[in-house]
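# need a 3D model of the sequence below.
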Amino acid sequence: MKIKNLLLFLFCIGTAFTSFAQTSDAEAEAIINLLGVQKKEAVAKLVPVTGKDSIAFWKIYEEYHQKSLATGKQRIKLYEQTAHAYENMTPKVADSLAMQYFSNRFGQEKSLEEYYKKIKAATNAVIAFEFYQAEVYLLTQIRASIMQQIPTYGQFASILKKR
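Reported below is the predicted structural model:
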């Protein structure tokens with residue numbers, strides 16, 4: 001039952017992202033904050049910490065969440081840029097988008113590594129590993145949900161050719 005609820009939550013996240021074709025900074029921040037609350041609930045189910053480890057973990061997790069807000073906002077804006085670029089895709093635009101996705105993902109991975117180490121130092125390696133797994137699982141599910149709801153550029157171009 002817990003996995004079913006988690007998957008339903010992840011579907012809702014993907015739907016929320018794709019519902020906002022054009023987002024202001026305030027809207028992007030609101031989306032990220034809402035997802036952050038829901039994500040925290042999911043992490044709580046995936047990382048069962050208790051006692052003093054719980055206090056240390058959640059303090060560091062909140063710091064991680066605050067730091068990851070900027071990366072999340074960038075990702076939303078990047079999805080929006082990608083959607084707008086479909087109409088006038090050029091090699092230069094495609095390369096620029098790819099480089100921005102690489103940079104965003106690299107920043108996210110570096111942040112995960114940084115906070116894995118902080119959680120490990122404050123609690124232990126098992127809790128830190130559970131954090132890492134939970135984050136990667138949730139990020140992967142969110143990305144997959146979003147990508148399943150929007151066509152790739154090749155699919156988009158193929159649809160245009162058929163018209």
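
# same for the strand or helix carrying residue 111, what does it pack against?
Per DSSP states H and E, residue 111 falls inside helix 91-122. Contacts defined by 3 or more C-beta pairs under 8 Å, 6 or more residues apart in numbering; DSSP states H and E place helix 91-122 against helix 51-85, helix 125-149. All C-beta atoms are positioned from the backbone trio N, CA, C, and that covers glycine.

# for residue 47, see how far away the residue nearest in space to the middle of the chain is.
With distances taken as C-alpha atoms, centre = their mean, the chain has residue 139 as the residue nearest its mean C-alpha position (4.5 Å). Using C-beta to C-beta, to the nearest Å, one gets 14 Å for the distance from residue 139 to residue 47.

# among the helices and strands packed on helix 91-122, which is nearest residue 32?
Across the helices and strands packed on helix 91-122, residue 32 has its closest neighbour in helix 51-85 (4.3 Å, C-beta to C-beta).

# name the helices or strands packed onto the closest one?
helix 25-46, helix 91-122, helix 125-149.
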